Each structure stands twice: as C-alpha cells, then as structure tokens.
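1. task: produce atomic coordinates for the following.
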Amino acid sequence: MNKPVLPPDDLPSVNPIYHELFGELEEVTGKIFYNNCDFFTQDLLKQCGWDVTIRSKGLTLVVICPNSYLNWEILKSIPLLADSLQVLSNRAKIKIYPPPGTGTPMDIMLDNSFL
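-> Modelled structure (predicted):
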C-alpha cells in the first residue's frame, strides 16, 4: 500500500531523535579527537573552552582561550591539533577565539596540503 504524499505544509518537523543522535555523534567525535591528542595538547585544551562541531562543510574545532598565554600556546600547537583533526576528516577547520578584547577569532582551514 502506498503512503499518501503530504503537501509541504503538512510535512512533519525534523525528528527530535535526529538532533539527539547528531549531538551524540559530535560528542563521540570530540572524545576521539581529544584522545588522539598528546598529553601536552590535552592539558592545553583542558585549560580552554573547546568543542568539535560537525557541519556540511566538515569538522570544526572551536577553541576559546581565556588568556593571552594560553592563546599563544594554542597557536603554537596548531600543527598538533591539525594532525588529530585530520585523522577524523579531510575537511576540517580550527577556529580560535582569543581572550575577550584582544582580537578577532582566527579561522584555519585544513586540507591535505596543510602539513
């Protein structure tokens, strides 16, 4: 038996389970990324706010640096962060937020030629 075709106005909204599963995927991906990092990088990330997001354009590592020292250490660690991200996706980006009032966020696009 064929299901009736619903007009666009009558289509159901996105299933809430989809959003929950997507959130779980991001959480697991973040854990895998973190576990791929060396001890020094893990320690830096613990001192900053960070998250891994997944969008149609790929993975994004978002790092929020609370002070200038950590911002500098994160900037020096970009190659290590990139290595850990590129294990998960060949389309990734790192977005680094400096301490409030000290500049604008930096976007670093990673591709196969980055390293």
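
2. tell me the pLDDT of Pro8.
-> Here the pLDDT value assigned to Pro8 is 48.

3. cool, Pro100 as well?
-> At Pro100, the pLDDT value in this model is 90.

4. quick one: secondary structure of it?
-> coil (DSSP: H, G, I helix; E, B strand; the rest coil).

5. same question, the one 3 residues further on
-> Look at Gly103: counting by three-state DSSP, its state is coil.

6. which ones are touching Asn35?
-> With contact set as Cβ atoms under 8 Å, 6 or more residues apart in numbering, Asn35 has no partners. C-beta here means a position set from N, CA and C on the backbone, and glycine is covered the same way.

7. let's see it at 10 Å
-> Contact partners of Asn35, counting by Cβ atoms under 10 Å, 6 or more residues apart in numbering, are Gln42, Ser84.

8. equivalent analysis for the one 3 residues further on, please.
-> If a contact means Cβ under 10 Å, 6+ apart, then Asp38 has Leu44, Ser77, Leu80, Asp83, Ser84 as its contacts.

9. any weak-confidence spans in this structure?
-> 1-16, 18-19, 112-115 (pLDDT under 70).

10. how about 90 then?
-> Applying pLDDT under 90 to the chain flags residues 1-26, 54-58, 86-91, 101, 103, 110-115.

11. where exactly do the strands run in the protein?
-> For the chain, the strands defined by DSSP state E cover 49-55, 58-64, 92-97, 106-110.

12. contacts for the third one, please.
-> What that stands for is strand 92-97. So strand 92-97 is contacted by 33, 48-53, 55, 57-66, 71, 74-75, 77-78, 81-82, 84-86, 103-111, 114 (Cβ under 10 Å, 6+ apart).

13. having no further points to raise, I will conclude here.
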